[in-house]
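Colleague: I need the structure of the sequence given here:
(chains A and B)
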Number of protein chains: 2
Amino acid sequence: MNRIAIIGAGGWGTALAQLMAAKGKAVSLWGFEKPLVEELRASRENTPFLPGIRLDDAVNVTADMAEAVSGAELVLVVPPSKGMRGVAAALAQTGVQAPLVSLTKGIEQGSGLRMSEILRQSLPDVEIAVLSGPSHAEEVARAMPTAVVLGCPDDALALKIQTTLMSPAFRIYTSPDVAGIEFGGALKNIFAIGAGLSDGLGFGDNSKAALVTRSLVELTDIGRALGGKKKTFRGLSGIGDLMVTCFSRHSRNRSVGERIGRGETLEQVVASMCMTAEGVPAALSAYECARKHHLETPILDGIHGVLYHGMSARDMLAQLLARQPKPESRIKDALIKLKGAIFSPRR
Amino acid sequence: MNRIAIIGAGGWGTALAQLMAAKGKAVSLWGFEKPLVEELRASRENTPFLPGIRLDDAVNVTADMAEAVSGAELVLVVPPSKGMRGVAAALAQTGVQAPLVSLTKGIEQGSGLRMSEILRQSLPDVEIAVLSGPSHAEEVARAMPTAVVLGCPDDALALKIQTTLMSPAFRIYTSPDVAGIEFGGALKNIFAIGAGLSDGLGFGDNSKAALVTRSLVELTDIGRALGGKKKTFRGLSGIGDLMVTCFSRHSRNRSVGERIGRGETLEQVVASMCMTAEGVPAALSAYECARKHHLETPILDGIHGVLYHGMSARDMLAQLLARQPKPESRIKDALIKLKGAIFSPRR
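Modeller: This is a model prediction of the structure:
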């Protein structure tokens, strides 16, 4: 696979273009916004989304999707989640036959569909894989060591894509659990908002560690209910991505939570950001999923309450983290109710 | 339990004294170093170990262990791990009958014993529990929300200790898995050194997330081989403590790794620290344990090699994180060899 199309010229798409160009691939990078595409062609720097990285001259930047995918042997699809349905329809229009890899982390609002499922609806006959894991775009563009997971049900195709994308600093594991990989990537953004709320309130590492530990339990419960495999959530695309998103200064979703924790409203935060914080819409979708599957998800519920129902971050975290001492039997009951809770109650 | 003795006047011991004083308990805090005890009595501030916190006037600070434990209904034992055997012998000399809780995170070098096992050898007839989890002393002293796990095989005693120690900002879960809790606390310090090596080399969050994800697998494998329960390593005292230690700027063990990654020697780093980095001796003990149980522990082996055999941090991490692309079958073999690896190889 020597001709690669990349659909989406945000930070991740641009970093992938750089990664593939460094491997000597023929790369086309498609961007939705014409002014961005023009600037990127002219200056070779994606100033809003990946500042400080000079894009390889060999990368063909275009706003014409048919041109981008023409002759491509592999198509990496990485728009914001809310743009995925439009991209899927546009890709179908091009008549593309090459395998697709979705790298977008999100769940469609309303439908609850994963990104690869949206692609599948428009492109029923094309092979579709996914790739996720702890992978800040800037670090990938700077060739810092990164390990990710490629989800693909077809072994032979997985090997081809792995060989195509892998480099010394970009290591790829493979797994057949497409759903688990996609849910890990989408759900961790929600819990990163929760970790940010804790930061914004001035709480410390102890609080955040407790919150993230319990977030992993909820993430796993939700992901399994939706068809993911337990062990996937213990790997790079689950716990690996969750912890880095919750503890990194660079995480957009954590930062949304931090600003809300400091007193801004969701509207103020979203209005001031040029990039998408995928956890914000994902919290709605995940909350709907959790209700549908009758899951107990106190952290998700709290984040949903803060984002969409004016709940105070302090009240939410106080409830979760600092409950009053209770008789052991009541703690036990509470633990039993939290199915799959961190610790089994004492016998 | 209203009279509490605390054995060890480091940061954690002092924070616990503060926590218990805030609950209105009668607290005695024993320190090994007489000058520190004198200064703490006079200034009420533990300048070397917990600067900026004024110790409650009601706390009795003493260098006399018999005085400290006299009349105590609960004894919290929190010396550095290398001081535990001496403390155990001294406690036995006092004839103490009250239950003990060990809060020290470490494994004894040579014997491979857990801290509670060392106490047990000197005090065969006293009840012994353990407490661990993500709990930076300074944050506990400042009443920031913290959640920890009390390991105690006796239900009734666990409830009494839980009630005694718990406060709105210091939440305690209970578990009967004493060994798992102690191994989680001891082993995470080793892997935090590894995370620090990555930081010191200037690697980013992607690298660290991959490293910590795989560290959890090794930690769990070692801990289970030594008698801990799998689910304990998934909880606060396992993954919770591991991730905060690996990602926090405040972690001593991470900081040791960071300095070595930047080029200092272990001797230089240790000589300049007033506090104990428990991961340094624990790496020796854990390495011995891993060999004894025939475990595959590439990250532990690398950290052990860097600390004790002059291996370069860059070589170690390059081997772990940025292997060259390989034919799929060899990746598969490598994954199968890594028992319990992050992702199962593709079928």
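Colleague: residue in the stretch 51-200 of chain A nearest to chain B?
Modeller: As assessed by CB to the nearest CB, chain B sits closest to residue A:134 within the stretch 51-200 of chain A, at 3.4 Å. Every residue, glycine included, has its C-beta placed from N, CA and C.
Colleague: Chain neighbours aside, what residue packs nearest to that residue?
Modeller: residue B:209 (3.4 Å; CB to CB, 6 or more residues apart in numbering or on different chains).
Colleague: for residue A:273, same thing?
Modeller: residue A:252 is the one closest to residue A:273 (CB to CB, 6+ apart), at 7.1 Å.
Colleague: So that neighbour sits against residue A:277, correct?
Modeller: Yes: the pair residue A:252 / residue A:277 is scored as a contact, 4.8 Å apart, by CB atoms under 8 Å.
Colleague: of these two, who's got more company?
Modeller: residue A:277 (23 against 20; other CB atoms under 10 Å in any protein chain shown).
Colleague: Assign a three-state SS to the more buried one, would you?
Modeller: Here residue A:277 is recorded as coil under DSSP: H, G, I helix; E, B strand; the rest coil.
Colleague: which helix is the longest one in chain A?
Modeller: Longest helix in chain A by number of residues (criterion: DSSP state H): helix A:178-200.
Colleague: and the next element down the chain from that helix?
Modeller: Later in the chain than helix A:178-200, the nearest helix or strand by DSSP states H and E is helix A:205-225.
Colleague: Can you spell out which helices and strands pack onto the following helix or strand past that following helix?
Modeller: Later in the chain than helix A:205-225, the nearest helix or strand by DSSP H and E is helix A:230-233. Applying 3 or more CB pairs under 8 Å, 6 or more residues apart in numbering or on different chains; DSSP states H and E, one finds that helix A:230-233 contacts helix A:178-200, helix A:205-225.
Colleague: Not including adjacent chain positions, what is the nearest residue to residue A:251?
Modeller: residue A:245 (4.7 Å).
Colleague: Correct me if wrong: that neighbour contacts residue A:254.
Modeller: Yes: using CB under 8 Å, residue A:245 is in contact with residue A:254, at 6.3 Å.
Colleague: Could you report the distance from the most centrally placed residue in chain A to residue A:272?
Modeller: Closest to where the C-alpha atoms of chain A average out (CA atoms, centre = their mean) is residue A:105, at 2.9 Å. To residue A:272, residue A:105 is 21 Å away according to CB to CB, to the nearest Å.
Colleague: likewise residue A:316?
Modeller: 22 Å.
Colleague: Look at these two and report which has more neighbours.
Modeller: Neighbours were counted for residue A:316 and for residue A:272 using other CB under 10 Å; residue A:316 has more, 23 against 9.
Colleague: what's near enough to touch the more buried one?
Modeller: A:197, A:302, A:303, A:305, A:306 (CB atoms under 8 Å, 6 or more residues apart in numbering or on different chains).
Colleague: what about it, which SS state?
Modeller: Assignment for residue A:316 (three-state DSSP): helix.
Colleague: Can you report how many residues lie near the residue nearest to residue A:74 when sequence neighbours are not counted?
Modeller: Nearest non-adjacent residue to residue A:74, counting by CB to CB, 6+ apart: residue A:1, 4.6 Å away. Residue A:1 has 15 neighbouring residues, counting by other CB under 10 Å.
Colleague: What sits closest to residue A:127 if chain neighbours are left out?
Modeller: Residue A:127's closest residue in space is residue A:99 (CB to CB, 6+ apart), at 4.1 Å.
Colleague: Isn't the one you found up against residue A:130?
Modeller: No: here residue A:99 lies out of contact with residue A:130, judged by CB under 8 Å, at a distance of 11.5 Å.
Colleague: The two: which has the busier surroundings?
Modeller: residue A:130 (28 against 20).
Colleague: That one contacts residue A:151, doesn't it?
Modeller: Yes: using CB under 8 Å, residue A:130 and residue A:151 qualify as a contacting pair, with a distance of 4.4 Å.
Colleague: which neighbours do the two share?
Modeller: With CB under 8 Å, 6+ apart, residue A:130 and residue A:151 have common neighbours A:178, A:181, A:182.
Colleague: Just the pLDDT for the first one.
Modeller: Residue A:178 carries a pLDDT score of 97 in this model.
Colleague: tell me the contacts of it?
Modeller: Residue A:178 neighbours (CB under 8 Å, 6+ apart): A:114, A:116, A:129, A:130, A:151, A:152, A:153.
Colleague: What are the neighbouring residues in contact with the residue lying closest to the residue nearest to the centre of chain A once chain neighbours are set aside?
Modeller: Once flanking residues are discounted, residue A:105 sits nearest to residue A:185: 3.7 Å by CB to CB, 6+ apart. Contacts for residue A:185 (CB under 8 Å, 6+ apart) come out as A:105, A:132, A:133, A:237, A:241.
Colleague: is it fair to say the last one lies in a helix?
Modeller: Yes: according to three-state DSSP, the state of residue A:241 is that of a helix.
Colleague: Check the burial of residue A:74 by counting its neighbours.
Modeller: 23.
Colleague: That one and residue A:163 touch, don't they?
Modeller: No: using CB under 8 Å, residue A:74 makes no contact with residue A:163, being 10.7 Å away.
Colleague: Need the overlap of contacts for the two.
Modeller: residue A:1.
Colleague: what helices or strands is the helix or strand harbouring residue A:300 leaning on?
Modeller: Using DSSP H and E, residue A:300 sits within helix A:298-308. Identification of packing neighbours for helix A:298-308 by 3+ CB pairs under 8 Å, 6+ apart yields helix A:178-200, helix A:205-225, helix A:252-261, helix A:279-292, helix A:313-321.
Colleague: And the contacts of it?
Modeller: A:190-191, A:193-194, A:197, A:211, A:214-215, A:218, A:222, A:257, A:260, A:266, A:280, A:283-284, A:286-287, A:290, A:311-313, A:316-317, A:319-320, A:338.
Colleague: Taking helix A:252-261 as reference, get the angle to it.
Modeller: 70 degrees (axes from the mean of the first three to the mean of the last three CA atoms, to 10 degrees).
Colleague: so how far is helix A:298-308 from its chain's centroid?
Modeller: Between the centre of helix A:298-308 and the centre of its chain there are 19 Å (CA atoms, centre = their mean, to the nearest Å).
Colleague: The stretch 1-150 of chain A against chain B: which residues are in contact?
Modeller: A:133-136, A:138-140, A:142, A:144-147, A:149 (CB under 8 Å from any CB of the partner chain).
Colleague: from those residues, which ones fall inside strands?
Modeller: A:146, A:147, A:149 (DSSP state E).
Colleague: Could you measure from the nearest residue to the first one once chain neighbours are set aside over to residue A:236?
Modeller: To tie it back to what came earlier, the one meant is residue A:146. Closest residue to residue A:146 apart from its sequence neighbours, by CB to CB, 6+ apart: residue B:206 at 3.9 Å. Computed as CB to CB, the residue B:206 to residue A:236 distance reads 10 Å.
Colleague: which residues do those two both contact?
Modeller: The contact lists of residue B:206 and residue A:236 share A:134, A:147, where a contact means CB under 8 Å, 6+ apart.
Colleague: Can you convert the contacts of residue A:178 into a markdown table and add a column each for distance to residue A:49, pLDDT and secondary structure?
Modeller: Below are these laid out as a markdown table (distance: CB to CB, whole Å; pLDDT from 0 to 100; DSSP: H, G, I helix; E, B strand; the rest coil):
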| residue | distance to residue A:49 | pLDDT | secondary structure |
| --- | --- | --- | --- |
| A:114 | 23 | 95 | strand |
| A:116 | 23 | 98 | helix |
| A:129 | 24 | 98 | strand |
| A:130 | 21 | 98 | strand |
| A:151 | 25 | 97 | strand |
| A:152 | 27 | 96 | coil |
| A:153 | 31 | 93 | coil |
